[in-house]
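Visitor: Provided below are the primary sequence and the corresponding predicted coordinates.
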Amino acid sequence: MADDPQLADYPVQSSDKIRFADTDRQGHVNNAVFATFLETGRVEILYDSRTPLSVEGGEFVIARLELDFRAELKWPGHVAIGTRIASIGRSSMKLSQVLFQEGRCAALAETVIVLIDRRSRRPRPLPPGEAARLRTLTGATVEP
């Protein structure tokens, strides 16, 4: 993961409101909520209302989530979420994500998402058209 990320390096950007209920007894956003904010960014790619990934009989599942905390998130406020495709495999994609508050990077994450068959629950290949569309979201490379 990058040492000094910039939100502008992530082509898919979204935001979320930090709620009081997101805080813990130390007064900062609970670490589990960071994963919820990352989900907001993933949904922008997977279920975009204009161009959702369309794979009949398939669904996406998280196979791996690596999350590095760099700073606290505080209430009240908003979190800016940056998401990009880091790589594309046969049946999976790796997302690179960042969380920012007030211009400060609070977290870096990498998530591996696998396309599975809804019935068998086994991985299945990404359709070529969908993989091509994913490649447009910043520097994706095809892994063997």
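Guide: Alright, I've got the coordinates. Numbering: from 1, shown residues only.
Visitor: name the element the spatially most central residue of the chain belongs to?
Guide: The structure's the chain has its C-alpha centroid closest to residue 42; by C-alpha atoms, centre = their mean the separation is 3.8 Å. Using DSSP states H and E, the secondary-structure element containing residue 42 is helix 31-46.
Visitor: Now do the same for the very next helix or strand once past that helix: mean pLDDT, whole number.
Guide: Along the chain past helix 31-46, the next helix or strand (assigned with DSSP H and E) turns out to be strand 58-69. In this model, strand 58-69 has a mean pLDDT of 96.
Visitor: Tell me the helices and strands packed up against strand 58-69.
Guide: Strand 58-69 sits against helix 31-46, strand 104-117, with contacts defined as 3 or more C-beta pairs under 8 Å, 6 or more residues apart in numbering; DSSP states H and E. From N, CA and C alone the C-beta is placed, and that goes for glycine too.
Visitor: Please identify the buried residues of the shortest one?
Guide: In other words, strand 104-117. 105, 106, 107, 108, 109, 110, 111, 112, 113, 114, 115, 116 (16 or more other C-beta atoms under 10 Å).
Visitor: tell me the secondary structure for the residue of the chain positioned farthest from its centre?
Guide: Distance from the C-alpha centroid of the chain peaks at residue 25, with 26.9 Å (C-alpha atoms, centre = their mean). The three-state label for residue 25, taken from DSSP: H, G, I helix; E, B strand; the rest coil, comes out as coil.
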